[in-house]
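Colleague: Here is a sequence with its predicted model. Questions after.
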Amino acid sequence: MKIEFRKVPTTPKEFTNNFASVKLEGSFCKISPTLIKVDAQLTGETPVLCIRCGEEENINLDEKLDFLLSDGMFKDNESEDLVIEIENGIIDFDEICESELSSIESDYHICKNCLDDNIKIEKEF
Ligand SMILES: [Zn+2]
């Protein structure tokens, strides 16, 4: 789903964006001429690789995803919120899902089998 930055209303608008095997659902609204606030929940499942054995495993996602969208460069470095800079005035929710998924994929992940092994090893010693 794509939406033009300038068309985003100042009252919260509900949205649902399906991308690959995940769904981003929530609301967004404009909080200043150059900032949009998004409150959303990312659900679904995505494959990740185990760092120990390299096996692929599907993990279930249910993550709160709150962030700001900035029209162009975001200048306030004091902000503690996650800020995504929008370059051409078009918000692309697929792209947001994609970058969130790739950050999940690059997270440290250990599959169930390796976790079970860990527990066994801990018990033996
Ligand atoms: Zn593993």
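Modeller: Yes, it's here.
Colleague: ok, which stretches of the protein are helices?
Modeller: Secondary structure of the chain (DSSP state H): helices located at 93-105, 112-124.
Colleague: what's the first-to-last distance across stretch 66-82?
Modeller: Stretch 66-82 has an end-to-end distance of 7 Å (C-alpha to C-alpha, to the nearest Å).
Colleague: Show me which parts of it are buried, residue by residue.
Modeller: Residues of stretch 66-82 classed as buried by neighbour count (16 or more other C-beta atoms under 10 Å): 67-71, 74. (C-beta placed from N, C-alpha, C; glycine too.)
Colleague: Show the end-to-end separation of stretch 85-96, please.
Modeller: Stretch 85-96 has an end-to-end distance of 11 Å (C-alpha to C-alpha).
Colleague: go on, stretch 107-117?
Modeller: Stretch 107-117 end-to-end distance (C-alpha to C-alpha) = 20 Å.
Colleague: what's the average pLDDT for it?
Modeller: Stretch 107-117 shows a mean pLDDT of 90 in the predicted model.
Colleague: Just list the residues touching the residue most central in space within the chain, thanks.
Modeller: With distances taken as C-alpha atoms, centre = their mean, the residue of the chain nearest its centroid is residue 100 (3.5 Å). For residue 100, the contacting residues are 24, 42, 65, by C-beta atoms under 8 Å, 6 or more residues apart in numbering.
Colleague: what's the closest of those residues to the ion?
Modeller: Nearest to the ion among the contacts of residue 100 is residue 42, at 23.9 Å by C-beta to the ion.
Colleague: The closest one bridge partners, please.
Modeller: For residue 42, the beta-bridge partners under DSSP bridges are residue 24, residue 63.
Colleague: gap between it and residue 6?
Modeller: Note on residue 42: its distance to residue 6, by C-beta to C-beta, to the nearest Å, is 26 Å.
Colleague: Likewise for residue 55?
Modeller: To residue 6, residue 55 is 46 Å away according to C-beta to C-beta.
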